[in-house]
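Visitor: Okay, sequence plus prediction incoming.
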Amino acid sequence: MNDDSVRILVPAGMIGAGFSQETVDRGLALGADVIAVDGGSTDSGPHYLGSGMPKTTAAAVSRDLRILLRAAAQAGIPLIVGSCGTSGADSGVDWVADLTAAILAEEGLDLTVATIYSEQDPGYLKRRLAEGAVHPLPPLGPLTEETIDGCARVVGMMGHEPIEAALRAGADVVLAGRATDTAVAAALPLMRGMPPGPTWHAAKIVECGGQCTTNPRAGGVFAVVDRTGFTIEPLDPEAACTPTSVAAHMLYETADPYRMREPAGTLDVSNATYRAIDHRVVRVEGSVFEPAEQHTVKLEGARVTGYETMSFTAIRDPHILANIEQWAALLGKVLVDRVGQTLGLTEGEYDFDIRLYGHNAILGDLDPATHPAREVGVMLLVHAADQTTATAVAKIANPLMLHLPTPDMPYLPSLAFATSPAETERGPVYEFVLNHVVDSQTPTSMFRTTIRKGGLR
Amino acid sequence: MTATLQDLAIEVRSKNAGPFWVTMELFMRDEAGYAVVADEAFINERLIEQLYDVPAADVRIFRIPSLNVVKISYPRPVPQGGLRDRDIHAGQHHVPLAVLAVPEDNC
C-alpha cells in the first residue's frame, strides 16, 4: 500500500461468470489493494428483483467466491461484492452471505464480513414522497403512493458511502445489496483520498471486466488510480487495452456516453484523454467529477403484472409458411372465439402474444427483411391475472397449435410441438415501475449494515 | 449488392441502457465510414423515428469523431420483460439500422 495510488483488481464483470485462478494471481502479483466485483444488474429483466431470486447458480457463485476469499485473505486486502444475488434484494445479500460463511468455515479463513441491505420500506418512501423528496427520471413521470404500494420489492442503489463505512468499521469482506456498478470499485480509492474524477471513471471502465479490452471474453482487468488519472490493463497477458477499447466502454449500456450520474454527483468524461503507455496498458486523464448539490439514491422497483403460461409449436409445411401471417391471425381469432365459448372470458380478462420465431418474432413490423423462412417456431405467451386462467387459455390453444390449417387448406395439418406437455407455466411475471430518485438525508441512511466475524448470520 | 452501414462498420450493436432506455452504436471502420453515418442529413432523429417507431423528440444522438462512433439512445418502447417484449436485453434491435443502404452519393 502507498498513499499515491490505489490498485483495483476486477476478476470478471459479474461474480459467477467464472475466471481463472491465474487472473487473480496476476492481480495480486501486480499489488492489488482491493478486489471488487459486481454481483448483479437489471439487464436481465424485472423477474430477479420482483422474485428476489438470483440469476446465477449457487455453485458458480461459490466457485468464484472461494477463489476471491482465499486471495483476499492471502493478500490481506478487502473483497467487495455489489448487487448481491442479481437484484441486490435482501434475500440476495443473505444468499451470498451464506455461501461466504460456508466457504470461510471450510477454508478456515478468519475474515470479518459486512452485509449492507438496500431494500426500502414502502412507508418510508411514501413519507419521503409526501415531503417532495422523490423525483422522476425520464422517461417516467411523478411517483404515486399506489405505485409504491404495488411493488413486490423496492431497492435503493447505494453509492460508495455505505461500502466505505463498512471498510472503515473493519470489514474484510463487504457484501452489498443494490449498488451502482461503479461503487464497488470506487469505495477504497475514495477512502484513501484518491480524486473522484479518475476514481469514478476508472470504476466505470472496470465494471464489466474484460469488456474494455480487445478480448472481452478474457475477463479480468486491473486499474491503478492515482492523483492525476488512472492506468488500466487486462489481467490476461494475451489481451490488451487500447485507447479505443477503453474510451469505447463509456458507450456500453449508457444512454449518455459523456456524463454519468452517481448518488454523490456526476462523472464528466467529455475532456478525458486516452493514451497508450505500451501495447496493452492505457493511461486516462482529464476526467472530472462534479459533486451534486443534493445527494440522491435511485430506486428500482418491480411489481407483479400477472401470471404467464407459454406454449410452443413449430411449422415446416411450405404452404403454411408461405401464408404464415394469415395463419397466425387465424390462430388469434379462433383462440379468442374458443376462449369466449369455453371459459367465458372476454379479451380484457386475459392477453396473449403470438410470436413467429424464424419469421419476425424479434423485430415484428420493424423488420426490414422479407424473405421466407425455412421453418417457423410459434410461441404463444398467455398473460392473465392468475396462473389457472393463463394455463386454461393456453390449453384451449393446444389443439389449434397442433392442427390449425390456413383458410384455403382442405385438410388438417399436424404441426410440430416441441415438448409434451406443450404448455409451461411461467409463474408470476413482473415489470419495472420505478425510475425515480430520493433526496438522501445522509448518503448511508437508507442502507442497513451488519458486521460479523466469520460471516455467520 | 448495395453496400449497407454494417459493411462500413466494425460492429453495429444495441443494448438496454437500464430498464427504460435502448442505446445503439455504429462503430465505423474509418473516418470515411464515420462521415457517412455522422451526416445529420442522413442519420437524424426523424430517421430513428421511422426505423423504430419512437418519437423523434425523445431520440438522443451522439456523434463521436475520436472513436468513429455514432451513438443513438431512445426510451424503450415496450416495458422490459412485459408480454410484448420480444428482446429482453434489446440486443437485436440494431439490425434495421445496420442494414440501411449507404446513401448513393457515398458509394
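Guide: Arrived safely.
Visitor: residues from chain B in reach of chain A?
Guide: Residues of chain B lying close to chain A (Cβ under 8 Å from any Cβ of the partner chain) are B:15-21, B:23, B:25, B:27, B:51-53, B:58, B:60, B:62, B:64, B:66-67, B:69, B:71, B:73, B:75, B:79-84, B:86-89, B:92-93, B:95-96, B:99. (Each C-beta comes from the backbone N, C-alpha and C, glycine too.)
Visitor: 6 Å instead?
Guide: Residues of chain B lying close to chain A by Cβ under 6 Å from any Cβ of the partner chain are B:15-17, B:19-21, B:23, B:25, B:62, B:67, B:71, B:73, B:75, B:79-83, B:86-88, B:92, B:96, B:99.
Visitor: out of the residues you listed, which are buried?
Guide: The neighbour count (16 or more other Cβ atoms under 10 Å in any protein chain shown) marks B:15-17, B:19-21, B:23, B:25, B:62, B:67, B:71, B:73, B:75, B:79-83, B:86-87, B:96, B:99 as buried among those.
Visitor: Next one, pLDDT for the residue of the stretch 251-400 of chain A found nearest chain B please.
Guide: Distance from chain B to each residue of the stretch 251-400 of chain A (Cβ to the nearest Cβ) is smallest for A:Ala255, at 4.2 Å. Looking at A:Ala255, its pLDDT is 90.
Visitor: State the helix or strand in which the residue nearest to A:Val24 when sequence neighbours are not counted lies.
Guide: In space, and not counting its chain neighbours, A:Val24 is closest to A:Ala71: 4.9 Å by Cβ to Cβ, 6 or more residues apart in numbering or on different chains. Per DSSP states H and E: A:Ala71 is located in helix A:58-75.
Visitor: Now do the buried residues in that helix.
Guide: A:61-73, A:75.
Visitor: What of stretch A:403-417?
Guide: So for stretch A:403-417, counting by 16+ other Cβ under 10 Å, buried means A:Leu404, A:Pro405, A:Thr406, A:Pro413, A:Leu415, A:Phe417.
Visitor: what residues are up against the last one?
Guide: When you say that, I think you mean A:Phe417. A:Thr313 (Cβ atoms under 6 Å, 6 or more residues apart in numbering or on different chains).
Visitor: per-residue confidence for it?
Guide: At A:Phe417, pLDDT is 97.
Visitor: Now do it against chain B, distance only.
Guide: 21 Å (Cβ to the nearest Cβ, to the nearest Å).
Visitor: Quick check: bridge partners of that residue?
Guide: Assessed by DSSP bridges, A:Phe417 has beta-bridge partners A:Thr313.
Visitor: Okay, now the unreliable bits of chain B?
Guide: B:1, B:106-107 (pLDDT under 70).
Visitor: Please enumerate the strands of it.
Guide: B:9-16, B:21-28, B:60-64, B:69-75 (DSSP state E).
Visitor: Reformat the ones you listed as a markdown table; add distance to A:Ala247.
Guide: Formatted as a markdown table, the strands of chain B follow (distance: least, Cβ to Cβ, whole Å):
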| stretch | distance to A:Ala247 |
| --- | --- |
| strand B:9-16 | 14 |
| strand B:21-28 | 11 |
| strand B:60-64 | 9 |
| strand B:69-75 | 9 |
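Visitor: Not counting its neighbours along the chain, what's nearest A:Leu69?
Guide: A:Ile103 (5.5 Å).
Visitor: mind listing what that neighbour touches?
Guide: A:Leu65, A:Arg66, A:Leu69.
Visitor: what about it, which helix or strand?
Guide: Assigned by DSSP H and E, A:Ile103 falls in helix A:90-107.
Visitor: quick one: buried residues of that helix?
Guide: A:90-97, A:99-104.
Visitor: before we move on, what about stretch A:308-322?
Guide: A:Glu308, A:Thr309, A:Met310, A:Ser311, A:Phe312, A:Thr313, A:Ala314, A:Ile315, A:Asp317, A:Ile320, A:Leu321.
Visitor: so of these, which ones are in strands?
Guide: A:Glu308, A:Thr309, A:Met310, A:Ser311, A:Phe312, A:Thr313, A:Ala314, A:Ile315.
Visitor: returning to what we had before: closest to A:Ala130 out of the contacts of A:Ile103?
Guide: A:Leu65 (41.4 Å; Cβ to Cβ).
Visitor: Please verify my assumption that the residue of the stretch 251-400 of chain A closest to chain B contacts B:Ile72.
Guide: No - counting by Cβ atoms under 6 Å, A:Ala255 does not reach B:Ile72; the two are 10.0 Å apart.
Visitor: And those two? Which one has more around it.
Guide: Between A:Ala255 and B:Ile72, counted using other Cβ atoms under 10 Å in any protein chain shown, the more crowded position is B:Ile72 (26 against 21).
Visitor: circling back: for the buried residues of stretch A:403-417, work out which two are farthest apart.
Guide: A:Thr406 and A:Phe417 (18.5 Å).
Visitor: Please name the residues that touch the residue in chain B sticking out farthest from the centre.
Guide: Centroid-distance maximum for chain B: B:Leu83 at 24.5 Å, with Cα atoms, centre = their mean. By Cβ under 6 Å, 6+ apart, B:Leu83 lies in contact with A:Asp351, A:Asp353, A:His383.
Visitor: Pull the distance from the strand or helix carrying the last one to the chain's centre.
Guide: Secondary structure assignment for A:His383, by DSSP H and E: strand A:376-384. Distance of strand A:376-384 from its chain centroid, counting by Cα atoms, centre = their mean, to the nearest Å, is 25 Å.
Visitor: And for stretch A:50-64?
Guide: 12 Å.
Visitor: next one: stretch B:77-88
Guide: Worked out by Cα atoms, centre = their mean, stretch B:77-88 lies 19 Å from the chain centre.
Visitor: could you dump that stretch to CSV, C-alpha only?
Guide: Written as CSV, here are the backbone C-alpha positions of stretch B:77-88 (Å, rounded to 0.1, in the frame of the first residue of the first chain):
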residue,chain,number,x,y,z
PRO,B,77,-40.9,1.5,-26.5
VAL,B,78,-42.1,-1.7,-24.6
PRO,B,79,-41.6,-2.5,-20.9
GLN,B,80,-38.7,-4.8,-20.3
GLY,B,81,-39.9,-8.3,-19.7
GLY,B,82,-43.5,-7.4,-20.4
LEU,B,83,-45.9,-9.5,-22.6
ARG,B,84,-44.9,-7.6,-25.8
ASP,B,85,-41.2,-7.5,-25.1
ARG,B,86,-39.5,-9.9,-27.6
ASP,B,87,-35.9,-8.8,-26.9
ILE,B,88,-35.3,-8.6,-23.1
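Visitor: pretty sure A:Pro234 is in contact with A:Thr213, am I right?
Guide: Yes - A:Pro234 is in contact with A:Thr213 according to Cβ under 6 Å; the separation is 4.3 Å.
Visitor: can you list residues touching both of the two?
Guide: If you check A:Pro234 and A:Thr213 against Cβ under 6 Å, 6+ apart, the residues they both contact are A:Cys241.
Visitor: sec struct for the residue of the stretch 51-200 of chain A at minimum distance from chain B, please.
Guide: Nearest to chain B, among the residues of the stretch 51-200 of chain A, is A:Pro139, at 3.9 Å (Cβ to the nearest Cβ). Classification of A:Pro139 by DSSP: H, G, I helix; E, B strand; the rest coil places it in coil.
Visitor: Tell me the spatial nearest neighbour of it, not counting adjacent residues.
Guide: In this structure, A:Pro139 finds its nearest non-sequential neighbour in B:Pro75, 3.9 Å apart by Cβ to Cβ, 6+ apart.
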